[in-house]
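[1] no sequence on this one, just coordinates:
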């Protein structure tokens with residue numbers, strides 16, 4: 001059974017850095033898109049970044065461009081989100097998700113097939 005497990009969250013001061021990991025187990029193919037989302041308290045889950053399984057392109061939401069970096073270790077079925085220059089507005093639960101059906105890079109959470117349980121990121125002084 002396919003499972004996603006995120007880790008790496010924590011409490012960090014503004015301007016600090018964190019690296020989130022998303023480990024996928026139970027995968028039977030390499031064709032999938034990966035997305036990162038976050039959900040702040042009282043707000044809807046929003047798209048942060050994604051990697052297209054079709055052509056490997058990576059996309060970022062405007063507010064994280066230049067600060068967040070998406071990478072992937074294919075051999076270990078692990079995706080990473082390196083977050084730098086963190087701001088209080090980056091606070092939230094961060095989720096990774098897989099798009100198996102289209103292996104694309106959708107920005108809509110309804111188009112993802114599998115989700116992790118999330119990891120909390122808190123940016124505060």
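    Yep, it's here. All figures in this text were calculated on a predicted structure; none of them were measured in a lab.

[2] beta partners for the spatially most central residue of the chain?
    By CA atoms, centre = their mean, the chain has its centre lying nearest to residue 36, at 2.3 Å. The residues paired with residue 36 through beta bridges, assigned by DSSP bridges, are residue 49, residue 96.

[3] from residue 28, how far out is it?
    From residue 36 over to residue 28 the distance is 22 Å, taken as CB to CB, to the nearest Å. For the C-beta atoms, the positions are set from N, CA and C on the backbone; glycine is no exception.

[4] in this structure residue 88 contacts residue 14, no?
    Yes: under the criterion of CB atoms under 8 Å, residue 88 is in contact with residue 14, at a separation of 6.1 Å.

[5] overlap in contacts, those two.
    Each of 123, 124 lies in contact with both residue 88 and residue 14 under the rule CB atoms under 8 Å, 6 or more residues apart in numbering.

[6] what's near enough to touch residue 120?
    Contacts of residue 120 by CB under 8 Å, 6+ apart are 9, 10, 92, 93, 94.

[7] now do 10 Å
    By CB atoms under 10 Å, 6 or more residues apart in numbering, the residues touching residue 120 are 6, 9, 10, 11, 91, 92, 93, 94.

[8] and if you look at residue 29?
    Residue 29 is in contact with 53, 100, 103, counting by CB under 10 Å, 6+ apart.

[9] and for the first one, the neighbour number?
    Residue neighbour count, defined by other CB atoms under 10 Å, stands at 21 for residue 53.

[10] with the last one instead?
    Using other CB under 10 Å, residue 103 has 17 neighbouring residues.

[11] who's the closest spatial neighbour of it, skipping the chain neighbours?
    Nearest-residue entry for residue 103: residue 53, 3.4 Å, with adjacent residues in sequence omitted and distances by CB to CB, 6 or more residues apart in numbering.
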